[in-house]
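Asks: need coordinates for the following:
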Amino acid sequence: MYNVIFDAETHTYTVDGVNVPNVTAICAPLSADYDEPDDDLELTIEAAADRGTTLHAYIEHRLNGGESEDFEMPSMYAGYAESVDNFLADHEITPYLIETPLGCAEYAGTPDLIADFDGNTAILDWKFVSQMAKSKVAGQIGGYETLCNENGIFPAKFFGVQFLKDGKYRIYDIDIVFARAAWNACRQIQNLKNCKHPRGKIGGTK
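Replies: Residues are numbered from 1 along each chain as shown. Just a heads-up that it's a prediction; the model follows:
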């Protein structure tokens with residue numbers, strides 16, 4: 001196993017003492033890119049981030065055996081919390097790793113859940129949004145699968161779970177061949193972005 005340290009304040013990872021990029025950042029090309037968001041959009045992004053943080057904490061609390069009434073949930077997120085409760089009631093889940101950072105020599109990331117899910121070892125990724133960037137989710141799953149394999153975990157199934165504000169949820173069965181292709185494409189883009197160019201040239205060799 002690698003020694004992985006995640007700094008939540010700066011959202012950075014180190015693996016064996018070396019700073020490495022994270023899976024979500026590597027997969028950024030597969031989602032919308034806001035170079036200069038206006039004020040209203042910034043507020044929307046900030047609200048979505050707060051919702052995601054709160055509800056990720058809630059589902060972690062519930063997976064660890066906590067009761068819903070013991071979590072201080074803002075009323076504006078009550079519908080999402082209900083969708084989490086319905087999901088947990090509908091499926092047999094034995095958690096292995098909940099929000100646990102994993103790393104390898106080149107990158108790191110934190111899968112939302114690795115568990116026995118309805119009888120299969122699975123990676124699950126949570127989204128609390130009305131519209132899901134499906135290709136990005138696939139790319140993230142591809143990255144998490146690689147991290148799992150590097151750390152001796154071999155999932156058989158892969159899911160994206162979209163929690164909605166009306167107490168409902170959707171489960172997306174993720175094709176791992178597509179997920180690996182999406183991840184590999186993002187890794188190629190990352191390598192191109194970080195390419196060291198010869199003096200006076202773009203691309204090529206000295």
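
Asks: in the lowest-mean-pLDDT helix or strand in the chain, what counts as buried?
Replies: Every helix and strand of the chain was ranked by mean pLDDT, DSSP states H and E. The lowest is helix 39-63, at a mean of 78. Neighbour-count burial for helix 39-63, with 16 or more other CB atoms under 10 Å as criterion, is recorded at 51, 52, 54, 55, 56, 58, 59, 60, 61, 62, 63. All C-beta spots, glycine's among them, are computed from the backbone N, C-alpha and C.

Asks: ok, now which ones touch the third one?
Replies: For residue 54, the residues meeting the contact criterion (CB atoms under 8 Å, 6 or more residues apart in numbering) are 73, 74, 77.

Asks: how about 6 Å then?
Replies: Neighbour list for residue 54: residue 77 [criterion: CB atoms under 6 Å, 6 or more residues apart in numbering].

Asks: likewise for residue 136?
Replies: If you count contacts by CB under 6 Å, 6+ apart, residue 136 has them with 27, 30, 31.

Asks: and for residue 82?
Replies: residue 167.

Asks: go on, residue 148?
Replies: Contacts of residue 148 by CB under 6 Å, 6+ apart are residue 155.

Asks: check the gap between it and residue 29 for me.
Replies: Separation of residue 148 from residue 29 (CB to CB, to the nearest Å): 23 Å.

Asks: for the chain, just list every one of the helices.
Replies: 23-26, 39-63, 78-90, 134-150, 176-193 (DSSP state H).
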